[in-house]
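Q: predicted structure and sequence below. I'll ask about it afterward.
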Amino acid sequence: MIPDVAVIGAGSFGAWTAWHLRQAGLNVRLMDAYGAANSRASSGGESRIIRAGYGAREIYTRFTLRSLELWRQLAAENDPTLFHGCGVLWIAPQQDAFAQETVETLRNCGVRFERLTERELESRYSWFRAAEGSWGIFEPDGGALMARRAIQTLAGKLSVERRMVRWSDQGPVCEDGSRLVAGAYVFACGPWLPKLFPGLFGNKIRTSRQEVFFFGAPPAAQFGPERIPCWIDVGEKFYGFGDLENRGLKVACDRHGPVVDPDTLERVPSAEGLQAARDYLSRRIPCLADAPLVETRVCQYENTATGDYLIDQHPDHPEVWIAGGGSGHGFKHGPAVGEYLSRRMLGSGPGEPRFSLASKVDFEGQGPESTFYR
Ligand SMILES: Cc1cc2nc3c(=O)[nH]c(=O)nc-3n(C[C@H](O)[C@H](O)[C@H](O)COP(=O)(O)OP(=O)(O)OC[C@H]3O[C@@H](n4cnc5c(N)ncnc54)[C@H](O)[C@@H]3O)c2cc1C
């Protein structure tokens, strides 16, 4: 039987799109070259922050609210440990426009948050030494999604075929050269999109190398997710997680690394990256300055020049849809992205100009330094 839709890519965007299309009663095949949330995939990381703060970009705040409902549902129905509701703490420099706009947007959208003075930051989070003049935003409903496990849980319900699909002049073809036949296609291939559609994306999606470090927590429980929130240090462009599942505290820099190929990238972290993370700990979390490195990960962002997602139809093939451009912040929004795309495909939802292919521009020079300010 010819499926209504073939979804290629079982990361957060593809798996949730397949889920929504199935909920709408469609016959959907979901396939992935390396399996759901694999080690190369952006969704294959241990954990991802879910936050509602997005500066003035209200659509992403609203996507978080909707996504949180569906992540909570997934966790409640399958495994409550897929989401840790530990909250998200923003630490912002004094005159930070992005953080000010975040406060406005959270207020406008009715999102619960607390605004914290420098003194409140100090007394509440004594393990954190904020830069002078800092202030904070605490989102109590945010937290940490156990990314790989969550996607594998979702994919387990959908069943994923392990299959590489290429785009050719004849349309989608499988590895053995046979055509992949379906009513419509969704390419949710994250950092692979520029390789799959070089003519379309050339320099519009850039895949950057990102390093993640896990530092061993002290034996006592003071760094568990029940004790400390995920944090985003806006001025330093570092972020982190408490000791989730006893894997250590995760610390990473959000600055975009060099361009890489997700198929062939050797995932060995650099000595400079480790030193930068250690220096950060010395400045901001001095009690962990000498904590041992217990695990590492090298992953990639799939950035657009503005950090906005790409969710649109192929300009020459209306039966082909593309979802990607997660830009270092897309995981959390998989449920809302899938809902948006499935509605667009079914002709029942309006298009958002921000997500259109037409709005995507080529990178100029180095492109933006990081994700949080976009
Ligand atoms: C270090 C790091 C930290 C991050 N932190 C956060 C965070 O805290 N919060 C947050 O919300 N987001 C975060 N992100 C971003 C987020 O992880 C990504 O935006 C999101 O996971 C992208 O999902 P995706 O489904 O688009 O891509 P992917 O997860 O990469 O999935 C694409 C899938 O397509 C498959 N595929 C590719 N080509 C083919 C082909 N030809 N045939 C078949 N299958 C194919 C791949 O195998 C892969 O499984 C972070 C990313 C990184 C790297």
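A: That came through fine. Numbering: from 1, shown residues only.

Q: what's the burial count for residue 268?
A: The local packing of residue 268 (other Cβ atoms under 10 Å) involves 8 other residues. Using the backbone N, CA and C atoms, a C-beta is placed for each residue, glycine as well.

Q: try residue 81
A: Neighbours of residue 81 using other Cβ under 10 Å come to 13.

Q: okay, it: pLDDT?
A: We have a pLDDT of 98 for residue 81.

Q: give me the three-state assignment for it.
A: Following DSSP: H, G, I helix; E, B strand; the rest coil, residue 81 is assigned to helix.

Q: how about the residue nearest to it when sequence neighbours are not counted, phi and psi?
A: Nearest residue to residue 81, sequence neighbours excluded (Cβ to Cβ, 6 or more residues apart in numbering): residue 146, at 6.6 Å. Backbone torsions of residue 146, given as degrees, to the nearest 10, read phi -80, psi 90.

Q: hang on, isn't residue 146 packed against residue 83?
A: Yes - between residue 146 and residue 83 there is a contact under Cβ atoms under 8 Å: 7.3 Å.

Q: burial count for the residue of the stretch 51-200 of the chain found nearest the ligand?
A: The minimum distance from the stretch 51-200 of the chain to the ligand, using Cβ to the nearest ligand atom, falls at residue 190 (2.3 Å). For residue 190, the count of nearby residues is 26 (other Cβ under 10 Å).

Q: list the contacts of it.
A: Residues in contact with residue 190 (Cβ atoms under 8 Å, 6 or more residues apart in numbering) are 9, 11, 13, 41-43, 262, 302, 324, 326.

Q: return the distance of it relative to residue 43.
A: Counting by Cβ to Cβ, to the nearest Å, the gap from residue 190 to residue 43 is 7 Å.

Q: joint contacts of the two?
A: What both residue 190 and residue 43 touch, as defined by Cβ under 8 Å, 6+ apart, is the set residue 11.

Q: what sits against the nearest residue to residue 9 once chain neighbours are set aside?
A: Once flanking residues are discounted, residue 9 sits nearest to residue 188: 3.8 Å by Cβ to Cβ, 6+ apart. Going by Cβ under 8 Å, 6+ apart, residue 188 touches 7-11, 13-14, 17, 322-324.

Q: in helices, which of the residues you listed fall?
A: Those of the contacts of residue 188 mapping onto helices are 13-14, 17, per DSSP state H.

Q: pick the one among those residues closest to residue 105.
A: residue 13 (23.2 Å; Cβ to Cβ).

Q: quick check: that closest one touching residue 326?
A: Yes - contact criterion Cβ under 8 Å: residue 13 and residue 326 qualify, at 6.9 Å.

Q: surely residue 149 is within a strand?
A: No - with three-state DSSP as the criterion, residue 149 is located in helix rather than a strand.

Q: what about it, neighbour count?
A: If we define neighbours as other Cβ under 10 Å, then residue 149 has 17 of them.

Q: give the full set of residues in contact with it.
A: With Cβ under 8 Å, 6+ apart, residue 149 has these contacts: 79, 82.

Q: and it, what's its pLDDT?
A: So residue 149 comes in at 98 (pLDDT).
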